[in-house]
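Visitor: Sequence first, predicted model second:
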Amino acid sequence: MSYRIAFSKISLSHLKSFTAREQSIIRDTLIEQLSYEPTVPTRNRKEMRPNWLAVWELRIGNFRVYYDVDEEESIVDIRAIGIKERNQVCISGEIVEL
């Protein structure tokens, strides 16, 4: 079953804050990794501890994509996109505690 990838308005603004090359890498990886079986843990995809942002995290190099999955509608909802800097995640220029 194929899943549709949907960006929230805020996650689109996060994506646009990256360079065109970085955006391309993120979009291509999202399609590759989340179109099928987005809730199956892998080396780069894991279920997070309970937090206010999202249930799932996808690692793309230093980038982090946070998302939820609606199994009934087959939709992957991208909630936020950030960059990992040392042991912190920066989303839209702000350090986020998860």
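Guide: Received, thanks.
Visitor: where exactly do the strands run in the chain?
Guide: Assigned by DSSP state E, the strands in the chain fall at 4-7, 45-47, 56-60, 63-70, 75-85, 88-91, 94-96.
Visitor: could you dump the ones you listed to CSV with mean neighbour count?
Guide: Yep, even glycine has a C-beta here, placed from its N, CA and C like the rest. Output for these, formatted as CSV (neighbours: other C-beta atoms under 10 Å):
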stretch, mean neighbour count
strand 4-7, 15
strand 45-47, 14
strand 56-60, 20
strand 63-70, 20
strand 75-85, 20
strand 88-91, 17
strand 94-96, 11
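Visitor: Let me know which of the ones you listed is the nearest to residue 27.
Guide: For the strands of the chain, the distance to residue 27 is smallest for strand 4-7, at 8.9 Å, taking C-beta to C-beta.
Visitor: So in that sheet, which strands flank the closest one, and in what orientation?
Guide: According to DSSP bridges, the neighbouring strands of strand 4-7, each with its direction, are strand 75-85 (parallel).
Visitor: quick one: contacts of the strand it pairs with?
Guide: Contacting residues not belonging to strand 75-85 are listed as 3-8, 10-11, 14-15, 18, 26, 30, 34, 38, 53-54, 59, 62-70, 89-92, 96 [C-beta atoms under 8 Å, 6 or more residues apart in numbering].
Visitor: so how far is that strand from its chain's centroid?
Guide: 3 Å (C-alpha atoms, centre = their mean, to the nearest Å).
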